[in-house]
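K.L.:
Turn this into a structure:
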Amino acid sequence: TRYEEPNGGKYLCKKNTFNDFCDVAKWLSEQKLTEPNKLSCEGRSAGGLLIGASINQEPELFHAAILGVPFVDVMCTMIDAKLPLTAGEWEEWGCPNEKKFFQYMREYSPVNNVQKKKYPSCLLIGGLHDPRVAFWEPAKLAAELRHTQSEDSGPVCLKMEMTAGHFSASDRYKYLRELAFDFAFLLDQLGLANVTTTEAAT
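P.N.:
Prediction:
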């Protein structure tokens, strides 16, 4: 199938997913549908891995990024079979106890591939009680970005939900407050926080 090796998106061809994502961002700009200083991206959990790997690969394509409970410390998480989901996920990612998979994961794991480049503004969100993506994953990536990225990069913001797990709040109003926070970050970083409705339409 399209998902399998050698041209799919798992095991030793996982990086195809990051390449595809970056290609779509390039296409949007090439078609004049947007431009990098107006383009943002967001992903949660394994989608956070997609965002982390993509901004490492081609940070110039995006102006802002939101990574919610992001799976970004790939080898450390996937090597620990005691963690929920890990052993079952070896069929998706491969097991880093095998040298070929460890080396391949090392090439795209976001925490291990931050470079001294200009990065987009980043909001990383974690849950203190998350059993799937531990709170230290977004914290480690935030620290690595702050330490390594170039000085002209956007801000790196870390928001830790002290009562949350892997999923957003079940309370409707708390969920809406969390969503409003994310939108406020994006609007601020895209320079739209003080733009009126009329100005935004022009």
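K.L.:
what residue ranges in this protein score low on pLDDT?
P.N.:
Applying pLDDT under 70 to the chain flags residues 1-3, 165, 167-170, 197-202.
K.L.:
Helices of that one, start to end?
P.N.:
15-30, 46-57, 74-78, 86-93, 99-108, 136-148, 172-189, 197-201 (DSSP state H).
K.L.:
you'd agree Lys100 is up against Leu12?
P.N.:
Yes - the pair Lys100 / Leu12 is scored as a contact, 6.9 Å apart, by CB atoms under 8 Å. C-beta here means a position set from N, CA and C on the backbone, and glycine is covered the same way.
K.L.:
any common contacting residues for these two?
P.N.:
Among the neighbours of Lys100, those also in contact with Leu12 (CB atoms under 8 Å, 6 or more residues apart in numbering) are Gly94.
K.L.:
one step back: among the helices of the chain, which is nearest Cys122?
P.N.:
Nearest to Cys122 among the helices of the chain is helix 136-148 (6.3 Å), distances taken as CB to CB.
K.L.:
how distant is that closest one from the center of its chain?
P.N.:
12 Å (CA atoms, centre = their mean, to the nearest Å).
K.L.:
could I get it in PDB with only the CA atoms?
P.N.:
In PDB, the C-alpha atoms belonging to helix 136-148 read as follows (Å, rounded to 0.1, in the frame of the first residue of the first chain):
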ATOM      1  CA  TRP A 136       9.500  16.600  29.700                       C
ATOM      2  CA  GLU A 137       9.300  16.100  25.900                       C
ATOM      3  CA  PRO A 138       8.000  19.600  25.100                       C
ATOM      4  CA  ALA A 139      10.200  21.000  27.900                       C
ATOM      5  CA  LYS A 140      13.300  19.500  26.400                       C
ATOM      6  CA  LEU A 141      12.600  20.800  22.900                       C
ATOM      7  CA  ALA A 142      11.800  24.300  24.300                       C
ATOM      8  CA  ALA A 143      15.200  24.200  26.100                       C
ATOM      9  CA  GLU A 144      17.000  23.000  23.100                       C
ATOM     10  CA  LEU A 145      15.500  25.600  20.800                       C
ATOM     11  CA  ARG A 146      16.300  28.400  23.300                       C
ATOM     12  CA  HIS A 147      19.900  27.200  23.600                       C
ATOM     13  CA  THR A 148      20.600  26.500  19.900                       C
END
